[in-house]
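K.L.:
sequence and predicted structure below; questions after.
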There are 2 protein chains.
Amino acid sequence: MNVKRYLPILEWAPAYGRDQATSDLVAAVIVTVMLIPQSLAYALLAGLPAQVGLYASILPLVIYAVFGTSRTLAVGPVAVASLMTATALSPIAEAGSSAYIAGAVLLAVMSGIMLTLMGVFRLGFLANFLSHPVISGFITASGLVIAASQLKHILGVQASGHNLIEIVHSIMGAVGNTNGYTLAIGVAAWAFLLLSRKHAKPFFKALGAKPRLAEILAKTAPILAVVATTLVAWVFSLDEKGVRLVGEVPSGLPAFTLPPLDTGLWSQLAVSALLISVVGFVESVSVGQTLAAKRRQRIDPDQELIGLGTANLGAGFSGGMPVTGGFSRSVVNFDAGAETPAAGAYTAVGIALATLFLTPAIAYLPQATLAATIIVAVTTLIDLPALGRTFRYSRTDFGAMLATIVLTLGHSVEAGIIAGVALSIGLFLYRTSRPHSAVVGRVPGTEHFRNVLRHDVELCPKVTFLRVDESLYFANARFLEETVMDLVSEERKLTDLVLVCPAVNLIDASALESLEAINERLHDAGVRLHLSEVKGPVMDRLKGTELLEHLSGRIFLSTYDAWQALTDKADPEPEISRVG
Amino acid sequence: MNVKRYLPILEWAPAYGRDQATSDLVAAVIVTVMLIPQSLAYALLAGLPAQVGLYASILPLVIYAVFGTSRTLAVGPVAVASLMTATALSPIAEAGSSAYIAGAVLLAVMSGIMLTLMGVFRLGFLANFLSHPVISGFITASGLVIAASQLKHILGVQASGHNLIEIVHSIMGAVGNTNGYTLAIGVAAWAFLLLSRKHAKPFFKALGAKPRLAEILAKTAPILAVVATTLVAWVFSLDEKGVRLVGEVPSGLPAFTLPPLDTGLWSQLAVSALLISVVGFVESVSVGQTLAAKRRQRIDPDQELIGLGTANLGAGFSGGMPVTGGFSRSVVNFDAGAETPAAGAYTAVGIALATLFLTPAIAYLPQATLAATIIVAVTTLIDLPALGRTFRYSRTDFGAMLATIVLTLGHSVEAGIIAGVALSIGLFLYRTSRPHSAVVGRVPGTEHFRNVLRHDVELCPKVTFLRVDESLYFANARFLEETVMDLVSEERKLTDLVLVCPAVNLIDASALESLEAINERLHDAGVRLHLSEVKGPVMDRLKGTELLEHLSGRIFLSTYDAWQALTDKADPEPEISRVG
């Protein structure tokens, strides 16, 4: 067994030097500043106390540094997983209650177990079955739901709901109770964040900062908003004026936590945990691959499963919530110059220090500020032009995407993602059940054969050449049987059928039986079956099978050989098809 | 809308003549003689009163004659579906009780609705996902379970169980109570059927019958066994000696029956009904296609779903049990010369007459005779050599087959078929998630390119040619990303990558985004991406996409064009790979 496969830290730690440590430390400081408000905000979004977000940003980062293969992925709470956590837990208990917190711990542990097992059994390929349009539609719709759900904090009203319709309806009913102070803080924070997004970089550049430094300084806007609004809330005692603050946060490092051992709860949350795992994994891998490619590095998706799985186990056992690789944070980490996963471990130290010393200040942080942070962050997830692009490129993919969006917005995130996956797999099974094939004829005067529907080619009424353009397995074997038998029942003069197989990479046991059935049925119908251009590895496996033993016709190396042997070359004037 | 598609009877009925009617009538008489004992036996196997089997052999046959596309398929109760019916109903009610009979009616109706809807929505392709090895293993294992379950009737003991282990255990415990008379009748009937299977045809031939007539006469053995043992049981009043007889069967045609409208029961039986439907459909289509091919006819699988679906609706609403196309009966029907589905309708008349006039005699029929009929019939389903064949051809297919057999024998038919399908689809998803691809090099002095691992080819260290051998869609798009990025991270000198696409029939929206991501990542890594040999229809769709707009490299018509343009032709001595 290759230890390095399971412990990627062994790849980089032995050569870890002073220069790398400096780069990693700088990146860690910047990511820490960014992660403090994000971790608090995503805990809020998930309906959890603020400290749960901090807890999920300590141990998981250290563990990922040991087991993860991406050099720059920044792990922690993220928006979509937080929304999915809230959706999964709301039927279980009231948000913020101890049963609810225990549920979040359980989700992290289950998700950790699932991801780790998938990694050990190398099941990363299963994530492929979330097609791009489905995941893109899902994230756009989730972003819309998240943004809408945060409006209540900006307005300072009570509202609830798990889809856009419920949330909007609930907020409309409560908008009369808007708290002016809350609204002022929320809008101010929102405006500041939006403006700094657009103008902070040019501003720092104008002050003389180098482009990279200006870029990094611009990322400190959320922490500035947090500090400023916290001070305002503290100085003016805004909590007495009805502004909801984060409130008292227990100080100190997280304690060892065991998930509830209630089997009923485990089975109730199993599907949610699986969905959180798979969605998180797909996003992490795509971010990780994008960043790795920029430095010609690579990540191993199966080991990433183990990295994320153990990180989630760490999150669960330290009282946190489900974690995964976050897009914006990872990009900041990369841009700030992180060179190894040690940067993540240093970030963990930063968050641990915040948990030890900053919690008294966090108590005065207005929830409206966090809501503004979330709204600004998730708007980067919303990609509406992707709908148009997908619509223009493929109607079937667009259908799956639209169903995902409509169900996510109108029902729930879980219904949306399940429908998307089911539709993707359904469409996939449908497409693959019809192998590409074409009746081909000879390009006059050459040894080449082309589709009769697209080219002017020579045909022979007694011999049909059917080119099979895909591997044959059980999913499409029956369709081939039907195609062949249709050809035979249409073409009464037929005496020979040649299957031209240049693109057949595999014939599985089902397809082998189908070919045997085809051979036998053609024999009964007085038609001989031949094969041509069979690839070497396929031919090796066919040797010794009943198909070759009972084949009524022959095996030709080239289709032209078959043409010469089977068609009547003395035929003075071959029939020419001029279709298409 | 094409009426003929939904009413295949319009294809043959207008031209139906006297000659065809004669052929169909002869076949119908022979099939009726065969079907009477079979329908009684399969009702017994399903735990239902004997008349239910007769009812299922009247209306469904008439309906299939209208909606079915096979000219010769003989529809009715079959062994495997009867076993599955018993497995589905035993948790619901006691065998033979009125709730149990109502459950059988419901299974037929639900199966009818499912099959008809699948036909209307053209979902016949879903049946492809029962791979040949799985269905073959399933039928072999079911045959073993069925044969074992009938031993109790031969011995005249009480026994139960839904898998081989339970049944054998139960019979072992009861073997002490064997009834001598029952055993004598059972063994005699069994021996007679076995002997007639082997020797009846030569016997009738020796008497001067023509081969076809001898063949047909040999098929009357079961009815002879029924008549003889019924007479013996009646003359010697064997019921008073502990021999279990079929007992009183209500005389007369079936009445209109409504299935129970208990929604709990519907959802409880839904999975079973689906499995019975799909297994029955797969078997019917395979028999139908085999027979149709012999006469260069064709069947339409989607319309077959409608034919079988409406036949099952007919079975349910006339108090019957699930029906499908039976293998042995269809072959007899074909051999006896049936030319149109009218033969099935005539058979229905025969069974109706039997129901009207023969039921008093059936009361004296020993159950042991029916058990012997079943055992002899199902042994033809058991195909043990298929295990060896599959093992030799493909280990993965064999794994799915073995799991199906072990679970069917050791747990239940439903667990077996579900595991088989899940494994087949899982293996399929796994295989398709790894597209066949190969790095290719130039065959020296030619314009041909071949796999570097198999051939001595010319390479260029700055340009890699990657041939993609399959269509690209979401299932394998990510694997392509990984393959490409691995190549780039291994080959530091690389400046150009050419994707050679002669076998790519389709690029779906996910694969398009993967290619865009590959293009972007390669660009970040300082490598240009080119495409060559893109098929016409694929190229048409790519026009106007971001991929072509942002493609860092070019699109070459042929790979040799790319070779000429990208490699340094002035290079005095190209590097030659001599691998493999």
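P.N.:
That came in fine, so what should we check first?
K.L.:
residues near residue A:446, how many?
P.N.:
Neighbour count of residue A:446, defined by other C-beta atoms under 10 Å in any protein chain shown: 11. Just so you know, the C-beta spots here come from the backbone N, C-alpha and C atoms, and that holds for glycine as well.
K.L.:
next: residue A:543.
P.N.:
The local packing of residue A:543 (other C-beta under 10 Å) involves 9 other residues.
K.L.:
residue contacts, the residue of the stretch 201-350 of chain A found nearest chain B?
P.N.:
Closest residue of the stretch 201-350 of chain A to chain B, C-beta to the nearest C-beta: residue A:293 (3.3 Å). Applying C-beta atoms under 8 Å, 6 or more residues apart in numbering or on different chains to residue A:293 gives the contacts B:485, B:488, B:521-522, B:524-525.
K.L.:
out of the residues you listed, the closest to chain A would be?
P.N.:
Checking the contacts of residue A:293 against chain A by C-beta to the nearest C-beta gives residue B:521 as the nearest, at 3.3 Å.
K.L.:
which helix or strand contains that closest one?
P.N.:
Using DSSP states H and E, residue B:521 sits in helix B:509-524.
K.L.:
remind me what that helix packs against, helices and strands.
P.N.:
Taking 3 or more C-beta pairs under 8 Å, 6 or more residues apart in numbering or on different chains; DSSP states H and E as contact, the helices and strands that helix B:509-524 lies on are helix A:132-155, helix A:263-294, helix A:385-393, helix A:395-410, helix B:474-490, strand B:528-532, helix B:546-550.
K.L.:
is residue A:220 in contact with residue A:36, as I believe?
P.N.:
No - the criterion here is C-beta atoms under 8 Å, and residue A:220 misses it with residue A:36 at 10.9 Å.
K.L.:
of the two, who's got more company?
P.N.:
Taking neighbours as other C-beta under 10 Å, residue A:220 and residue A:36 compare with residue A:36 leading, 23 against 16.
K.L.:
up against chain B, what does the stretch 451-580 of chain A have?
P.N.:
For the stretch 451-580 of chain A, the residues in contact with chain B (C-beta under 8 Å from any C-beta of the partner chain) are A:454, A:469-471, A:473-479, A:481-482, A:485-486, A:488-489, A:492, A:503, A:505-506, A:508-510, A:512-514, A:517, A:520-522, A:524-525, A:536, A:541, A:544-546.
K.L.:
buried only: go through those residues for me.
P.N.:
A:469-471, A:473-479, A:481-482, A:485, A:488-489, A:503, A:505-506, A:508-510, A:512-514, A:517, A:520-522, A:525, A:545 (16 or more other C-beta atoms under 10 Å in any protein chain shown).
K.L.:
what's the pLDDT at the residue of the stretch 201-350 of chain A closest to chain B?
P.N.:
With respect to pLDDT, residue A:293 scores 75.
K.L.:
from residue B:517, how far out is it?
P.N.:
The gap separating residue A:293 from residue B:517 is 8 Å, by C-beta to C-beta, to the nearest Å.
K.L.:
show the pLDDT at residue A:118.
P.N.:
pLDDT, read off for residue A:118, is 93.
K.L.:
right, I mislabeled it, should have said residue A:279
P.N.:
What the model reports as pLDDT for residue A:279 is 90.
K.L.:
equivalent analysis for residue A:1, please.
P.N.:
Residue A:1 carries a pLDDT value of 50.
K.L.:
repeat for the one 4 residues further on
P.N.:
Residue-level confidence at residue A:5 comes out at 74, pLDDT.
K.L.:
that one: how many residues sit nearby?
P.N.:
14.
K.L.:
that one: which element?
P.N.:
helix A:3-6.
K.L.:
right, and the helix or strand after that helix?
P.N.:
Counting by DSSP H and E, what follows helix A:3-6 is helix A:9-12.
K.L.:
elements contacting the very next helix or strand once past that next one?
P.N.:
Next helix or strand after helix A:9-12 toward the C-terminus (DSSP H and E): helix A:18-45. In terms of contacts (3+ C-beta pairs under 8 Å, 6+ apart), helix A:18-45 is packed against helix A:50-55, strand A:75-76, helix A:79-89, helix A:132-155, helix A:221-235, helix A:327-335, helix A:342-357, helix A:367-379.
K.L.:
hey, which of these is tucked in deepest?
P.N.:
Neighbour counts (mean count of other C-beta atoms under 10 Å in any protein chain shown) averaged over each of the helices and strands packed on helix A:18-45 peak at strand A:75-76, with a mean of 32.
K.L.:
which residues are contacting it?
P.N.:
Contacts of strand A:75-76 (C-beta under 8 Å, 6+ apart): A:35, A:38-39, A:56-57, A:60-61, A:64, A:68, A:284, A:308, A:311, A:323-326, A:329, A:344.
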